[in-house]
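In: Below are the sequence and a predicted model for it; my questions follow.
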Amino acid sequence: MLFGAGGLAVAALLLLCREPQRQGSAQMATSLPGRAELAFLIAHRGVLVPLYLGFAVCFAVVYGAAAWTPAMLTRHFAATPAFFAGVLGPLSLVFAASGPLIGGWLLDRTMRAGKPLARFTVLALVPFCAIPAQLAVMAGSLPMAAALVASAGAAFAVLGIVTLATLQAVVPPRMRGAAVSLTLVLNTVIGATLGPLAVAAITERVIGDHAQVGWSIALFAVPCLLLGAGLYALARRNIARDRELVKLLSA
């Protein structure tokens, strides 16, 4: 709280800034700040709301797993601090670094192929790639469990890159900052709040055994990822009917 409070001063200073007029936003610039953005979100809620909620639900898994995976590896596989530092750490770095590269490559490929809507197909499929990591408790050995856990870093990095790039593409230039800001708000309110708490609650109230926290992760994460994939698929179905967003996405 002490260090985070410093951000309030930065936010207050931003209120004194006036953004220059951006290309393609002349029509929206005549509206009061916030009114045009809200109107755009409401008008295209069939695409934007599933995008935001899909992202937040999937990243609830990220927060929940990050909070409790160390406990799972320690309790189920007797992982030591040396294993976390010497094996899991480097593995996680490799997967986390590869994810953005894969996500960027997929985005570029869909655009070069003239299939901008294909990125929604990518979004609907990537959550399935993160499911094996949530089932690491079923792995037969500690190295296999660590590899599965680390692989989630690549999947979620792809999901983040493609989601944020898609949001930037389907909103007018003047809304790009607000569009990304909303993902951070929802990720905090839904993801960071719900994820760790839900895993803990399942462990305490449903399973009733602290040693089985790995199964709590699976019981929470797998349904969330399936729900996230469904929300992304819904966004894909709806954008095919939204000519304005298709035009922005194809620009």
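Out: The structure has been received and is ready for your questions.
In: all helices for the chain, in order.
Out: Counting by DSSP state H, the segments of the chain that form helices are 6-14, 35-43, 45-77, 81-83, 89-112, 118-134, 142-170, 176-186, 193-201, 213-239, 243-250.
In: residues of the fourth one that come out buried?
Out: Looking back up the chat, that one is helix 81-83. By neighbour count with 16 or more other C-beta atoms under 10 Å, helix 81-83 contains the buried residues Phe83. Quick note: C-beta positions are derived from backbone N, CA and C, even for glycine.
In: again, but for the longest one
Out: Applying a neighbour-count criterion of 16+ other C-beta under 10 Å, one finds 47-65, 67-73, 75-77 buried in helix 45-77.
In: The fifth one too?
Out: Neighbour-count burial for helix 89-112, with 16+ other C-beta under 10 Å as criterion, is recorded at Leu91, Ser92, Phe95, Gly99, Ile102, Gly103, Leu106, Leu107, Thr110, Met111.
In: Show me which of these is closest to Leu234.
Out: Set against Leu234, the nearest of the buried residues of helix 89-112 by C-beta to C-beta is Thr110 (19.2 Å).
In: which residues does the closest residue to Ser92 other than its chain neighbours contact?
Out: Using C-beta to C-beta, 6 or more residues apart in numbering and skipping residues adjacent in sequence, the residue nearest Ser92 is Ala150, 4.6 Å away. Neighbour list for Ala150: Leu88, Leu91, Ser92, Val94, Phe95, Ala133 [criterion: C-beta atoms under 8 Å, 6 or more residues apart in numbering].
In: contacting residues around the fourth one?
Out: Spelled out, that is Val94. Residues in contact with Val94, defined by C-beta under 8 Å, 6+ apart, are Ala150.
In: hmm, 10 Å instead?
Out: By C-beta atoms under 10 Å, 6 or more residues apart in numbering, the residues touching Val94 are Ala150, Ser151, Gly153, Ala154.
In: Dump those to a markdown table, plus distance to Pro173 and pLDDT.
Out: As requested, those are exported to a markdown table (distance: C-beta to C-beta, whole Å; pLDDT from 0 to 100):
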| residue | distance to Pro173 | pLDDT |
| --- | --- | --- |
| Ala150 | 37 | 95 |
| Ser151 | 36 | 95 |
| Gly153 | 31 | 94 |
| Ala154 | 31 | 95 |
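In: Could you check how far Pro223 is from Ile131?
Out: According to C-beta to C-beta, to the nearest Å, Pro223 and Ile131 sit 10 Å apart.
In: Looking at the two, which is more packed in?
Out: Ile131 (18 against 12; other C-beta atoms under 10 Å).
In: What confidence value was assigned to the more buried one?
Out: We have a pLDDT of 96 for Ile131.
In: for Ala5, same thing?
Out: 83.
In: Phi, psi for it please.
Out: phi -60, psi -20 (degrees, to the nearest 10).
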